[in-house]
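> Sequence first, then the predicted structure, then my questions.
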Amino acid sequence: MMEGEHILKRLEEVFKIDENEFLALKVARIYKDPFILLIATLLTQNTNERNAFKAFNQLKGEIGLSQKELLNARIEDIASALRPGGLHWVKAKAIKQIAEKVEREFNGSLGSILRLPPRKAREKLISLPRVGFKTADVVLLNLAEETDYIPIDTHIERVVKKLGIAPEKAGYREIQEKLSKIFNKKDYLRAHLLLILLGRRICKSRNPLCGECPLNNICNYYNKVKLG
């Protein structure tokens, strides 16, 4: 397996990171607010990025994005705003519960979480409704000064398993551990975004475009399945 830097350089020859393709990345850069980023990341769950952007922008326009605005909003209105992103009632309920818990346990702000050590910060975030490891890891990767965790979505999981970085039965934590041995912490965000782009555009779940992949010479799947 290549060193992480060589993998990233090859991917950068093919892909350009555009914040308009990543809601969490764009929101982090514009707002720099962990609560707003958490809500945006939650909206990307179980939907595509395009629909998540629509839901986020509609929520912003109809209700607002601050903890206070969402705390005071009716759940019916939140759900209506989130309709373009799917699972709008489920996500509206979670957002309302998050706003209430942040008010009750964090004095209305998640800013203090970013000053905690990575493990503690992660524990605080996953204590919130509908916030799992991936959602928490996205927030920390985009805003915390230091994090030990690279978020793993379905695209990254598929890519690293086909490449042979992680075994087929590997779970979230094992995949993170394998990637941490390849990439430096300073490159986690870069690696996260580039691997997602590889999964979205080339290493697709159906009919992967292996001939166009910049990493096919080191890919287990390509060498075993495509080349026989």
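Here it is on my side, so go on. Nothing here was measured: the structure is a model prediction, and the numbers come from that model.

> And the lengthiest helix in the chain, what does it pack against?
As assigned by DSSP state H, the longest helix anywhere in the chain is helix 88-105. Secondary-structure packing of helix 88-105 (3 or more CB pairs under 8 Å, 6 or more residues apart in numbering; DSSP states H and E): helix 34-43, helix 67-72, helix 75-82. Any C-beta I mention is one placed from the backbone N, CA and C, and that applies to glycine too.

> Pull that helix out as CSV, backbone CA atoms only.
What follows is helix 88-105, C-alpha atoms only, in CSV (Å, rounded to 0.1, in the frame of the first residue of the first chain):
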residue,chain,number,x,y,z
HIS,A,88,-38.1,15.3,8.0
TRP,A,89,-40.2,14.3,11.0
VAL,A,90,-37.4,12.2,12.5
LYS,A,91,-34.8,14.9,11.9
ALA,A,92,-37.1,17.6,13.2
LYS,A,93,-37.7,15.7,16.4
ALA,A,94,-33.9,15.2,16.9
ILE,A,95,-33.1,18.8,16.2
LYS,A,96,-35.7,20.0,18.7
GLN,A,97,-34.3,17.6,21.3
ILE,A,98,-30.7,18.7,20.6
ALA,A,99,-31.7,22.3,21.0
GLU,A,100,-33.4,21.5,24.3
LYS,A,101,-30.4,19.5,25.6
VAL,A,102,-27.9,22.1,24.6
GLU,A,103,-29.9,24.7,26.4
ARG,A,104,-30.2,22.5,29.5
GLU,A,105,-26.8,21.0,29.7
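
> ok so, going back, quick one, which of the helices and strands packed on helix 88-105 is packed in tightest?
Comparing those by mean neighbour count (mean count of other CB atoms under 10 Å), helix 34-43 ranks first with a mean of 26.

> Cool, thanks, talk later.
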